[in-house]
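*Asks:* Dropping the sequence and predicted coords here.
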Amino acid sequence: MAANVTVVDHPLVQHKLTLMRDVTRSTKGFRELLNEIGMLLAYEVTRDLPLEPVTIETPLQAMEGRQIAGKKLVLAPILRAGVGFLDGMLSLMPAARVAHIGIYRDPGSLRAVEYYFKSPSDLADRTVLVLDPMLATGNSAVAAIEQLKTRGARDLRFVCLLAAPEGITHLQQVHPDVPVWTAAIDSHLNDHGYIVPGLGDAGDRMYGTR
């Protein structure tokens, strides 16, 4: 396994991923499963967040508990497929801020084309989770992370459903400080830049477009 990459092999994640790969899965089913996997991946990617003590009153007595330290996280989905992770993660972290990064892959060059960016102003003070179901060529991930760093982000983590070895290599060459969480590392990219065996185009399968 590549350094700085965590494959989340929890049985529930692997089961749901297999269901999503199935070409007969409906748009509704695919979208629901992506939402559920997003929630499960959120547990893993936030496992090491720092905690701080806090004194509270239970119905019986005062006690010292623990809560997440510092400012709330930023969830940064890459449009459009990254939005599929958002609801599941927000259900666990409802106070998180949300950035939106509009990038699409040019079908000819496979290069990332940026068209929209909107984020909280204090990225330097927050942990930023960059969300995109597919880490294929890595071009979109690299471009999104570059935009976030330009605006001050320093603590970034990339979360995806599937990764190709080529995408991991590219991302780590350009942004070696950004760790990756994924449910699986597949075999390779085909001539069109799709992950094999993969699951097709995640955005199209989410929204029923072709």
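*Replies:* Looks like it arrived, so ask away. Residues are numbered from 1 along each chain as shown.
*Asks:* Looking at this protein, which helix is longest?
*Replies:* Assignment by DSSP state H gives helix 27-45 as the longest helix of the chain.
*Asks:* what pLDDT, on average, does it get?
*Replies:* Confidence over helix 27-45 (mean pLDDT, whole number) is 95.
*Asks:* who's in contact with it?
*Replies:* Outside helix 27-45, the residues that touch it by Cβ atoms under 8 Å, 6 or more residues apart in numbering are 6, 8, 10, 12-13, 16-17, 19-20, 25, 84-89, 91-93, 129, 131, 133, 157, 159, 161, 181, 183, 202, 205-208. C-betas here are computed from N, CA, C, even on glycine.
*Asks:* Using PDB, write down the CA coordinates of the helix or strand following that helix.
*Replies:* Moving toward the C-terminus from helix 27-45, the next helix or strand (DSSP states H and E) is strand 51-57. Provided in PDB are the C-alpha atoms of strand 51-57 (Å, rounded to 0.1, in the frame of the first residue of the first chain):
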ATOM      1  CA  LEU A  51      -9.900  16.500  22.000                       C
ATOM      2  CA  GLU A  52     -10.000  19.000  24.900                       C
ATOM      3  CA  PRO A  53     -11.500  18.600  28.400                       C
ATOM      4  CA  VAL A  54     -14.800  20.300  29.200                       C
ATOM      5  CA  THR A  55     -16.800  20.400  32.400                       C
ATOM      6  CA  ILE A  56     -20.500  19.700  32.100                       C
ATOM      7  CA  GLU A  57     -23.400  18.900  34.400                       C
END
